[in-house]
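**Q** the following block contains a protein sequence and its predicted model.
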Protein chains: 2
Amino acid sequence: MSSNPRLSPTSFIVLALIEAAGEATPYELKQVVALTLGNFWSVPHAQVYAEPERLAAAGLLSERREQGGRRRRHYKLTDEGEKALREWLDEPTEEMAELRDPGMLKLFFGGDPKGLAAAQLSLHRRKLEEYEALDGQIQGHVSTGFGLALRAGIGHEREWVRFWELVERGEQP
Amino acid sequence: MSSNPRLSPTSFIVLALIEAAGEATPYELKQVVALTLGNFWSVPHAQVYAEPERLAAAGLLSERREQGGRRRRHYKLTDEGEKALREWLDEPTEEMAELRDPGMLKLFFGGDPKGLAAAQLSLHRRKLEEYEALDGQIQGHVSTGFGLALRAGIGHEREWVRFWELVERGEQP
DNA sequence: GTCCGAACCATATGTTTCGGACGGTGCGAG
DNA sequence: CTCGCACCGTCCGAAACATATGGTTCGGAC
């Protein structure tokens, strides 16, 4: 209904999740974020509560508020919201990925390679296992967005394991 | 000299770069960030000016200010700064990498795989070439932090290319 | 020499993000 | 009933961020 106060990636995450759910409260969003997206894109929970408010003000969501007790707010996409989401999805992006790895940073600045490698390896191996277990459970749904993202995650975790293993052994990665 | 107002990764980036340079102005930091780190860890330039101020207030840097003209501020590590940096470097980190990839996000939410793949491939192939060219130029310095970080970058770019190529062909990544 | 424009350097501004603290609400166990 | 814990939501101060703006230096044209 309003002007266009800059839609961020977070905005679209919220829109997309609400579309998938049909209707949702911020708390439900928070839950599903933690289970899925949270693995590769952090969205602090305060955002998850604040963003729908902004989007509703911009006319992309409609709000229904419980009267009693917790006064939960339930959100749905408006037609305008649908449209905004669809446009974003259909537009392939030119933006690069951003990779922020504290371990890498220390390595870059001269931290002890073996020590870093040991710590990072245990993290990445655990993550990799977790992903692979998940992957085993979704046979046949690999081409969904979720499945593809999972495979991408697996690929990168493998790469990290490979990299840190070489570092640990003092070989050239 | 002061208390401990939370040192962020950015803080340590500044400390580490100043240590490497001996003494530096924010502008010089900005330059070197753009040439090196900037590839995998973005630090907006306003930060690069603001952070040394905070660090000086915390007693980790000493400041020398030019009197005339540009009134440049030159920073050096204090002993305390040295210590903080060293501690950070020596402590292997338990934190996970954070990967924020807008293309991935769209894929996850059901964006058109082929379209996304085409756009992302051209980006990642370019980046990969750039890194490999750089790698060719630093023969013999591969074990430095810079060399290792570069190899990590190359590994991940290759993984991206592999992944998006499969997506583009409609195969299972 | 001096004037102009470009590159260099620095700070200010308003907004958004972030993480963590804090505070209500409701339900089940005892 | 009432206590305690899990559930749910908001608030707040600090940092991050993008962008705009403003001053300084220098070199070349004239």
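**A** Looks like it arrived, so ask away. Numbers count the residues shown, from 1 in each chain, chains lettered A, B, ... in the order given.
**Q** could you identify the helix or strand that succeeds the one helix or strand in chain A whose mean pLDDT sits lowest?
**A** Ranking every helix and strand in chain A by mean pLDDT, DSSP states H and E puts strand A:98-100 at the bottom, with a mean of 88. For strand A:98-100, the following helix or strand on the C-terminal side (DSSP states H and E) is helix A:102-108.
**Q** name the SS class of residue A:67, please.
**A** coil (DSSP: H, G, I helix; E, B strand; the rest coil).
**Q** spit out the contact partners of it.
**A** Residues counted as contacts of residue A:67 (CB atoms under 8 Å, 6 or more residues apart in numbering or on different chains): none. Glycine gets a C-beta too; all of them are placed from N, C-alpha and C.
**Q** quick one: low-confidence ranges for chain A?
**A** A:1-5, A:68-69 (pLDDT under 70).
**Q** residue A:85 - nearest residue in space that isn't next to it in sequence?
**A** Leaving aside its chain neighbours, residue A:85 sits nearest to residue A:15 (4.5 Å; criterion: CB to CB, 6 or more residues apart in numbering or on different chains).
**Q** now find how far off-centre stretch A:89-101 is within its chain.
**A** Computed by CA atoms, centre = their mean, to the nearest Å, the chain-centroid distance of stretch A:89-101 equals 12 Å.
**Q** ah, wrong one, I meant stretch A:116-124
**A** Counting by CA atoms, centre = their mean, stretch A:116-124 comes out at 22 Å from the chain centroid.
**Q** okay, buried residues for it please.
**A** A:116-117, A:119-121, A:123-124 (16 or more other CB atoms under 10 Å in any protein chain shown).
**Q** what comes into contact with that stretch?
**A** Against stretch A:116-124 from outside (CB under 8 Å, 6+ apart): A:103, A:106-107, A:157, A:160-161, A:164-165, A:167-168, B:92-94, B:96.
**Q** any residue of the least confident helix or strand of chain A touching DNA strand C?
**A** No: for strand A:98-100, no contact with DNA strand C is found by CB under 7 Å from any atom of the strand; the gap never falls below 10.2 Å.
**Q** who are the packing partners of that strand?
**A** In terms of contacts (3 or more CB pairs under 8 Å, 6 or more residues apart in numbering or on different chains; DSSP states H and E), strand A:98-100 is packed against strand B:98-100.
**Q** apply 10 Å and report the result again.
**A** strand B:98-100, helix B:145-168 (3 or more CB pairs under 10 Å, 6 or more residues apart in numbering or on different chains; DSSP states H and E).
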